[in-house]
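S.K.: Turn this into a model:
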Amino acid sequence: MPSMYQRSGVNIEEGYRAVSKMKEISRRTAIKGVLGGLGSFGSMFSLNDYGKYKDPVLVSGTDGVGTKLKVAFALGIYNTVGIDAVAMCVNDILCHGAQPVFFLDYLACGKLEADRAAELVSGVAEGCLQAGCALVGGETAEMNGFYKEGDYDIAGFAVGVAEREKLIDGSKTAAGDALIGLDSSGFHSNGFTLLNRLIKNLDMPFADLHEDFIEDEFLGKNAGEILLTPTKIYVRPVIKALEKFDIHGIANISGGGFIENIPRMFKNPLTAEIKCEKLRVTAPFRYIMRRGVPEAEMYGTFNMGTGMVIALPEAQADEAVKFFGGEGFPARLIGKVTEFTGDGVCIK
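M.R.: Okay, the predicted model is just below:
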């Protein structure tokens, strides 16, 4: 006979089954420094075991996937949004030069289904593998009556480490610096409240809409597949680049687009002068503009094909572009830093 708790909508046995599956998934992400495994009251990590730091600084960040989840539910695809949850956090702390070392996730739902929860967490594990960090714990909350049955929410929390003297805080960014843009994989996980309003037919073949979509990467894909493309994780190439180049500032182009995020890598009042013709604004973004979203709003909402912006000395710009391309992360020179002209970003 079901317990009173189970009759009220919480299935403890299904929770046990989900945790068992998640333990197996998380083991794939273990790295040097992890102490213990999933199931304890807290997660432990030894910086001494992880690496040698003279003066280590912990850098943390938290974020969620937002209404991109609606696309995942509609398509019945659950193993990619976990990558987004990791990416949104690790790309943020990367902006300070921090190598992510561990990640915790938070999964909430109306009715827990162990297999579906495990699919979601498998995406988290994949994101951790891409970022080189460990999935060390998390929380799964079954909240019957708060979330609808079938609905899930996923968020996460990342901790990274950097040497204090190598921290990036924008204080070195100066007029004359070049701005390098690293290509995004698409919309990433931002602006989906608007996207969900504009694109209601997820089966719509994008390649049939307009000649813009003759680009190879979109051939044969429908709207849902393009929207659900996981956020690109930039950790591995950027950490390598920090050893090769004098990087002054890094901006993760997430919610708020160019307008909000690029000025966050300036310690002092400066202007980022972005040249539109240098950007790789791909077909999905052009399609959204054709649906009536003003260009200025696009740059204040979406990444417009550029997922991360790096400021460094102009003399190193060409070599940096080649380096990122060689690492499998196409990049381009998109502008420069100038003396403050009244706006943090000037797009021309």
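S.K.: And Lys70, how close does it get to Gly76?
M.R.: 12 Å (C-beta to C-beta, to the nearest Å). (C-beta placed from N, C-alpha, C; glycine too.)
S.K.: out of these two, which sits in the busier spot?
M.R.: Neighbour comparison, Lys70 and Gly76: the larger count goes to Lys70, with 16 against 7 (by other C-beta atoms under 10 Å).
S.K.: Moving C-terminal from the helix or strand harbouring the more buried one, which element do we reach first?
M.R.: Element membership for Lys70 (DSSP states H and E) is helix 68-75. Past helix 68-75, further along toward the C-terminus, the next helix or strand under DSSP H and E is helix 81-94.
S.K.: by how many degrees do that next one and helix 68-75 diverge?
M.R.: Between the axes of helix 81-94 and helix 68-75, defined by axes from the mean of the first three to the mean of the last three C-alpha atoms, to 10 degrees, the angle is 160 degrees.
S.K.: Packing partners of helix 81-94?
M.R.: Helix 81-94 is packed against strand 56-64, helix 68-75, strand 99-109, helix 114-131, strand 152-163, helix 235-244, strand 249-252, with contacts defined by 3 or more C-beta pairs under 8 Å, 6 or more residues apart in numbering; DSSP states H and E.
S.K.: So in that sheet, which strands flank the first one, and in what orientation?
M.R.: Sheet pairing of strand 56-64 (DSSP bridges) gives strand 152-163 (antiparallel).
S.K.: gap between the strand it pairs with and the chain center?
M.R.: 10 Å (C-alpha atoms, centre = their mean, to the nearest Å).
S.K.: got it, and stretch 104-117?
M.R.: 20 Å.
S.K.: And stretch 33-46, by the same measure?
M.R.: Counting by C-alpha atoms, centre = their mean, stretch 33-46 comes out at 24 Å from the chain centroid.
S.K.: Give me the buried positions along it.
M.R.: Neighbour-count burial for stretch 33-46, counted by 16 or more other C-beta atoms under 10 Å, picks out 33-34, 38, 43, 45.
S.K.: for stretch 241-249, same thing?
M.R.: For stretch 241-249, the neighbour count (16+ other C-beta under 10 Å) marks 241-242, 245, 247-249 as buried.
S.K.: Also stretch 336-348?
M.R.: For stretch 336-348, a neighbour-count test (16+ other C-beta under 10 Å) marks 336-337, 344-345, 347 as buried.
S.K.: Identify the residues contacting that stretch?
M.R.: 173-179, 258-259, 262-263, 266, 269-276, 299, 311, 314 (C-beta atoms under 8 Å, 6 or more residues apart in numbering).
S.K.: So among those residues, which ones count as buried?
M.R.: By neighbour count, with 16+ other C-beta under 10 Å, the contacts of stretch 336-348 hold 173-174, 177-179, 258-259, 262-263, 266, 270-274, 299, 311 as buried.
S.K.: Of these, which belong to helices?
M.R.: 258-259, 299 (DSSP state H).
S.K.: coming back round to it: lowest-confidence entry in the buried residues of stretch 33-46?
M.R.: Least confident entry in the buried residues of stretch 33-46, by pLDDT: Leu38, with 70.
S.K.: Can you check the pLDDT for Asp212?
M.R.: As summarised for this prediction, Asp212 has a pLDDT of 53.
S.K.: Also Glu149?
M.R.: Per-residue confidence (pLDDT) for Glu149: 85.
S.K.: so is it in a helix, a strand, or just coil?
M.R.: coil (DSSP: H, G, I helix; E, B strand; the rest coil).
S.K.: quick revisit: from the buried residues of stretch 241-249, which single one is nearest Ala162?
M.R.: The closest of the buried residues of stretch 241-249 to Ala162 turns out to be Leu242 (C-beta to C-beta; 9.1 Å).
S.K.: ok, the closest one touching Gly97?
M.R.: Yes. Look at Leu242 against Gly97 with C-beta atoms under 8 Å: they come within range, at 5.7 Å.
S.K.: Let me see the domain layout of the chain.
M.R.: What automatic domain parsing lists as the domains of the chain is 4-166, 178-347.
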